[in-house]
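# Just the structure for this:
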Amino acid sequence: MKSPTRLADLITALRTLPGIGPKSAQRMAYHLLQRDRKGAAKLGAAIDRALTELMHCELCNDFSETPICPVCASNERDTSQLAVVEMPTDLLMMEHTQNYHGLYFVLMGRLSPLDGIGPREIHLDRLIQRASNGVVQEVILATNFTMEGEATAHAITELLHARGIAVSRIARGIPVGGELEHIDSGTLAQALTDRRRYDSK
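The predicted structure follows:
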């Protein structure tokens, strides 16, 4: 027996969310319709407002309610540093460290030719323009340490070095509080490669 068209449309729409399969989408649809219609209306209104009112910041490409986001508009940020991240969630994680005070550029993805994601899709032209403004002194690559993230970092490095712009990469290795016996060999090898010298005072 087929589901009513509107119900089928709702289930299909829910399946667009990452990690949501047919069964999960079906359970969510029935829950919203039967148990939480107010929540469903609130969810629908929030999605509608987000689609209508959110835009990309003209400078950093993050989502914003204004043409220039609050971070880019702040006078308290270090304009000489520009951190490049893949997604807005990565920017939030950087902010949570309370250890970085520069500006950002959000790629909204990473290079993945097999998925049809090339330089244009991740706005590399805008990144190069931003990094070449004469104010930025260092571009910090904070893309993920996946194959695609590494390929993206390499491509950006090549483009920026060709323009004489300093580039650095966030370090990787043992997590804070980690114990060597529980660390995989690849991570430990990278930690050894990226080791720092302790200077005596």
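# What pLDDT is listed against the residue nearest to the spatial centre of the chain?
Centroid-nearest residue in the chain, with CA atoms, centre = their mean: residue 87, separated by 1.3 Å. At residue 87, the pLDDT value in this model is 96.
# cool, residue 116 as well?
89.
# Any figure for the gap between it and residue 96?
32 Å (CB to CB, to the nearest Å). C-betas here are computed from N, CA, C, even on glycine.
# what do you get for residue 165?
Applying CB to CB to residue 165 and residue 96 gives a distance of 27 Å.
# Counting neighbours, go ahead and name the busier of the two.
The neighbour comparison of residue 165 against residue 96 (other CB atoms under 10 Å) goes to residue 165, with 18 against 9.
# Could you double-check that that one sits in contact with residue 136?
Yes. Using CB atoms under 8 Å, residue 165 is in contact with residue 136, at 7.1 Å.
# give the contact list for residue 66.
57, 73 (CB atoms under 8 Å, 6 or more residues apart in numbering).
# helix, strand or coil for it?
With DSSP: H, G, I helix; E, B strand; the rest coil as the basis, the three-state label of residue 66 is coil.
# just residue 158 next, same as before
Quick answer, by three-state DSSP: residue 158 is helix.
# So what's the residue count around it?
By other CB under 10 Å, the residues close to residue 158 number 10.
# give me every residue that touches it.
Residue 158 neighbours (CB under 8 Å, 6+ apart): none.
# From residue 68, how far out is it?
Distance from residue 158 to residue 68, by CB to CB: 29 Å.
# Please apply the same query to residue 173.
In terms of CB to CB, residue 173 sits 36 Å off from residue 68.
# ditto for residue 150
31 Å.
# Comparing those two, which shows the higher neighbour count?
Relative neighbour count places residue 150 above the other of residue 150 and residue 68, with 16 against 13, counting by other CB under 10 Å.
# buried sites along the helix or strand where the more buried one lies?
Assessed by DSSP states H and E, residue 150 sits inside helix 147-161. Neighbour-count burial for helix 147-161, counted by 16 or more other CB atoms under 10 Å, picks out 148-150, 152-153, 155-157, 159-160.
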